[in-house]
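Asker: Here is my input; please provide its structure:
(2 chains)
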Number of protein chains: 2
Amino acid sequence: MLRRLSSLFLRTLRDDPADAELPGHTALVRAGYIRRAGSGLHSWLPLGYVVYRKVEQIIREEMDRMGAQEVHFPALLPREPYEATGRWEEYGDTLFRLQDRRGNDHLLGPTHEELFTLLVKDLYSSYKDLPLSIYQIQTKYRDEARPRAGLLRAREFVMKDSYSFDVDDAGLGASYEQLRAAYIATFDRLGLDYVIVDAMSGAMGGSRSEEFLCPTPVGEDTFVRSPGGYAANAEAVATPVPDPLPYDDVPTAHVEDTPDTPTIATLVDHANAHLPREDRPWTAADMLKNVLVMLTYPDGTRTPLAVAVPGDRDVDDKRLAAQVEPARVEPFTDADFDANPALVKGYIGPAALGEDSASGVRYLADPRIVEGTRWVTGANEPGRHVFDLVCGRDFTPDGTIEAAEVRDGDPAPDGSGPLEIARGIEIGHIFQLGRKYAEALDLKVLDENGKLVTVTMGSYGIGVSRAVAAIAETTVDELGLCWPRIVAPADVHLVIAGKDEQVVAAAEQLAADLDAVGLDVLLDDRKASPGVKFKDAELIGIPTIVVVGKRLADGMIEVRDRASGDRDEVAVDSAVDHLVEICRS
Amino acid sequence: MLRRLSSLFLRTLRDDPADAELPGHTALVRAGYIRRAGSGLHSWLPLGYVVYRKVEQIIREEMDRMGAQEVHFPALLPREPYEATGRWEEYGDTLFRLQDRRGNDHLLGPTHEELFTLLVKDLYSSYKDLPLSIYQIQTKYRDEARPRAGLLRAREFVMKDSYSFDVDDAGLGASYEQLRAAYIATFDRLGLDYVIVDAMSGAMGGSRSEEFLCPTPVGEDTFVRSPGGYAANAEAVATPVPDPLPYDDVPTAHVEDTPDTPTIATLVDHANAHLPREDRPWTAADMLKNVLVMLTYPDGTRTPLAVAVPGDRDVDDKRLAAQVEPARVEPFTDADFDANPALVKGYIGPAALGEDSASGVRYLADPRIVEGTRWVTGANEPGRHVFDLVCGRDFTPDGTIEAAEVRDGDPAPDGSGPLEIARGIEIGHIFQLGRKYAEALDLKVLDENGKLVTVTMGSYGIGVSRAVAAIAETTVDELGLCWPRIVAPADVHLVIAGKDEQVVAAAEQLAADLDAVGLDVLLDDRKASPGVKFKDAELIGIPTIVVVGKRLADGMIEVRDRASGDRDEVAVDSAVDHLVEICRS
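Answerer: Predicted structure coming up:
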């Protein structure tokens, strides 16, 4: 295929677009691959759509190779199946809802668990039909609170979503491993770096769950990894639980005046100044921080929650959110304080917390707050704190919660060493749904003994448009895009560097020859200076740039490698062979 | 590719599904190609999606071949561009509208004129950039009043929509011809029979417009064609205007008592019984029928309209609707009669009609009602009609309108003979939009003289999912589907007809051999009787059915042609060569 820049529907931009936040996204817009069509909505221009379709095709081929079968559902869906599983409400504001001309409720599918489940129920009825893996590559809709980063968090995007159906847990385990292997093959082919991390399954329910994250500082997911091979999404990291401590020699708890110490920092300063420890100074880690939030459930009910964390750690909003889904975490407002006078803002302590306390507020503690740990914490009176308050002796939380921030150097839960914190783009997610959807929608088959059993399911997603973005973000450099060959919009970017008739003729001939042997060529035949053309070639990021220019007089052309910047002179006579070798090796 | 029926996600149905109205649609559901997912919403099962993707790919290839460039827009779109062109309102109830979490209005794109126009405006600014043809293959949404016939009139469907951009009318004409040629190539490759008919451009505005109709009695579009080559959509047929008639010897109009004659039939009977003509009996064609309707415009205003047609013809709702778009035609209710006492239901005549009349109702007449034509029509009094009322002498309508039904045998407007009326499925529509969208959205480029000129556009659509349906409807027979080879879900349907080990082994070997030479094979390896398998093979409709069974003992297999039913015995040793020849010829 030969495309000409003189007629290609593309304009490169000299300046960074206003809506681009990340380097890859900026380059995709500047190089004429995509354009913004609205908040969280994007249009693909011709070169961008070539890349998109190559990525899509690789994903399809790997799904087919593992034996999954492609189907295709509508994006516009009736409410009823989502009502049956509770997701019509649970999805909250993220679900696009609409009514048709008859006033019937519809939604734009955010994922299709319900439809897949119902289709299998429609067609299959026996254990002999299983296992089954089916998938679609389809447009999805989510009304994100904060669409951002171009294709990375869009409101309309393309996802490959697949689902496995098995008669028992062992089958689900095997299907999961097959899909996992297919994902590894897919991302390997796409040339994407990735880490497989343990994940929370979140609103989807289910048990085993892993994410494929593409490590990059611009990623919006935080994950951890240890030298010994542990890797998890920050939301899924389990805190190792310390052993209980002896507390026989801890003095009785005592309340002290601590005026004007509504924060941990002011409290530490005050304690060191007026109530010093003998063995060492007080630190934030000695303080017990009690954080109040309000949980709002899909049905509208609101319930307060108190979270206790060591004073040297903050509550991590995303970790907390993952723990309480489908409830939404909202701030505990002054009005909420007014409604519960047992809670004294800035000086809240365990005595006022817990389901059996005066406030009645459920009280969950970080797993590090084990029996025998000794704390300074609020005394539930303005300007007063209680010292030597011992967990298990003086207070007992209602339970534990994984909501404290994870830090560089924290121990991995499996003992594989200190954790390193990194960021990544989620490019794939696989999880064992179990029987949640099959139960809600009554998907049963007859087993070997003629007994009806509920089918168990797995759910597996790859963000197709997001994979394009992930490739762009992790390969972009200061000059522009830099595509892996397998998804590049062409094999060769051929620059005509000069107006000389012989130069033009030689370049046209070379382009035709390359096209004839099956290479995809982008020919820069515009009336523009070589400097402008070189800059655009670097921005567009096709892996091999060929320059036909001055050196043609000596029978030579230049072949540049976009990624390394290496340049070779090649005899024009052997150029086709040379380029075929580069492009097909 | 080798697919096995034992694991293919497909179930054939013995009975016709409740929602299937047409033979092709029925077969698509029964053969396991598609399933209903909601009103006007369909899911593709694996075999169906293979066919769909083959059709899509042929359309894409022909668009690329003619030099059109593929882009891709979102389906979820902000309101503003559609507001600018007036279509936010004009589309009426057919547009799916929704709000996002911030309360901003959005729509699901029914077609993308606005977005294409804005994208070209964003990228291009000079006549040198034109002509340009760009297209997308994308999911569209229309909230049809009556979704029906499966994929033929769905609320979510896939369309290839393309647009041409030119600096002047001559350019638009050339682009239009190019697209027209590409459509001919596309439908030829798809093996679809088609007629190119003149069409109304309808709500889209613009000038030249043609439809590609696939002739079939189950089509919902009516068209006409003449022996001399004239062809037009029924909405677009122009009635030849007769010459004026002399009326010097027509008696003065006279009102007669015609009790209980509110219909044409009762009036003709009454006239023949009580007021006979001397030369011949009265017929319906002597009567002037005045039909009242109410037009409702997108902005909500309502205006009555009176349409006069010869009494032997009805008003054709679709022809009338096409003439008054974007207004909607609604019945003239009793309340409307009450509001306009000059109109006497059942006895309305020209004297009470017209913008200058007592009623003030706009009055448009069929083009046959020329000067000198002589009519019996309502006298605007209950039970009375006026006779010998002459057009041009006694009444003058406000104008003409093409709203009367077209009939078999009517003369073609170009004199090419009598019209035949037929039905078809609209599979393509091409039209010259002109400058409507470019003006509304201010798409201008600099011309050769440095002057800003408004771009002129063409718009060209192919229903991709509908093309699948059109192929099914026009090839289905009493046994089931019957795909043209180019879009069939496989080349060969290989039936293992017997449980004998040698039969199974030979069939498996043949399937593997065919797969190895690159043919797509659907292998029926199920535990089912040969009879069930043969029936399913006929229903599924792959063009070549191979049976490995009893005759293998003699080294023979059977090769059946699905369409003709012809059967050949072929030596198993030469089967691969034989089938390659059949499948690739």
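Asker: Where does the stretch 401-550 of chain A get nearest to chain B, residue-wise?
Answerer: Nearest to chain B in the stretch 401-550 of chain A, going by Cβ to the nearest Cβ, is residue A:527, at a distance of 9.4 Å. The C-beta positions use only the backbone N, C-alpha and C, and glycine is treated the same way.
Asker: That residue: neighbour count?
Answerer: A count of neighbours around residue A:527, defined by other Cβ atoms under 10 Å in any protein chain shown, yields 8.
Asker: Now do the buried residues in the longest helix seen in chain A.
Answerer: In chain A, with assignment by DSSP state H, the single longest helix is helix A:169-190. Using 16 or more other Cβ atoms under 10 Å in any protein chain shown as the test for burial, helix A:169-190 gives A:171-173, A:175-176, A:178-180, A:182-183, A:185-187, A:189-190.
Asker: Closest one of those residues to residue B:32?
Answerer: Nearest to residue B:32 among those: residue A:175, at 22.4 Å, using Cβ to Cβ.
Asker: Tell me the secondary structure at residue A:462.
Answerer: strand (DSSP: H, G, I helix; E, B strand; the rest coil).
Asker: burial measure for it, as a count.
Answerer: Residues near residue A:462, counting by other Cβ under 10 Å: 29.
Asker: So in terms of bridging, what pairs with the most centrally placed residue in chain A?
Answerer: A centroid search over chain A (Cα atoms, centre = their mean) returns residue A:426, at 3.1 Å, as the residue closest to the centre. On the basis of DSSP bridges, residue A:426 is bridged to residue A:213.
Asker: which ones are touching it?
Answerer: The contact partners of residue A:426, by Cβ atoms under 8 Å, 6 or more residues apart in numbering or on different chains, come to A:211, A:212, A:213, A:214, A:219, A:221, A:463, A:466.
Asker: These into TSV, with extra columns for distance to residue A:108?
Answerer: Formatted as TSV, the contacts of residue A:426 follow (distance: Cβ to Cβ, whole Å):
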residue	distance to residue A:108
A:211	24
A:212	25
A:213	27
A:214	27
A:219	26
A:221	24
A:463	17
A:466	18
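Asker: and those residues as TSV, adding distance to residue B:61, neighbour count and pLDDT?
Answerer: As requested, the contacts of residue A:426 are exported to TSV (distance: Cβ to Cβ, whole Å; neighbours: other Cβ atoms under 10 Å in any protein chain shown; pLDDT from 0 to 100):
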residue	distance to residue B:61	neighbour count	pLDDT
A:211	38	26	95
A:212	33	27	97
A:213	37	28	96
A:214	33	25	95
A:219	38	22	92
A:221	39	20	90
A:463	28	26	96
A:466	28	25	95
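Asker: Would you mind listing where chain A has pLDDT under the threshold?
Answerer: Counting by pLDDT under 70, the ranges of chain A that qualify are A:201-206.
Asker: Do a quick rundown of the helices in it.
Answerer: Counting by DSSP H, the helices of chain A are A:23-30, A:46-65, A:80-84, A:87-90, A:113-123, A:169-190, A:264-274, A:317-324, A:334-339, A:436-440, A:464-475, A:501-516, A:530-540, A:575-584.
Asker: okay, those, which one's buried deepest?
Answerer: Of all the helices of chain A, helix A:464-475 carries the top mean neighbour count, a mean of 26, counting by mean count of other Cβ atoms under 10 Å in any protein chain shown.
Asker: now for that helix, which elements pack on it?
Answerer: helix A:23-30, helix A:46-65, strand A:156-166, strand A:209-215, strand A:420-434 (3 or more Cβ pairs under 8 Å, 6 or more residues apart in numbering or on different chains; DSSP states H and E).
Asker: got the residue ranges for the strands in the stretch 351-500 of chain A?
Answerer: A:362-365, A:374-381, A:384-390, A:399-400, A:420-434, A:444-446, A:452-454, A:456-463, A:492-496 (DSSP state E, counting those that start in this stretch).
Asker: how about the closest residue to residue A:399 other than its chain neighbours, what does it touch?
Answerer: Leaving aside its sequence neighbours, residue A:399 sits nearest to residue A:364 (Cβ to Cβ, 6 or more residues apart in numbering or on different chains; 5.1 Å). Applying Cβ under 8 Å, 6+ apart, one finds that residue A:364 lies in contact with A:305, A:306, A:307, A:308, A:397, A:398, A:399, A:400, A:401, A:403.
Asker: okay if I get those as CSV plus neighbour count?
Answerer: Converted to CSV, the contacts of residue A:364 look like this (neighbours: other Cβ atoms under 10 Å in any protein chain shown):
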residue, neighbour count
A:305, 23
A:306, 25
A:307, 24
A:308, 29
A:397, 21
A:398, 17
A:399, 10
A:400, 16
A:401, 23
A:403, 29
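Asker: any idea which of those is closest to residue A:227?
Answerer: Of the contacts of residue A:364, the one sitting nearest to residue A:227 (Cβ to Cβ) turns out to be residue A:403, at 26.0 Å.
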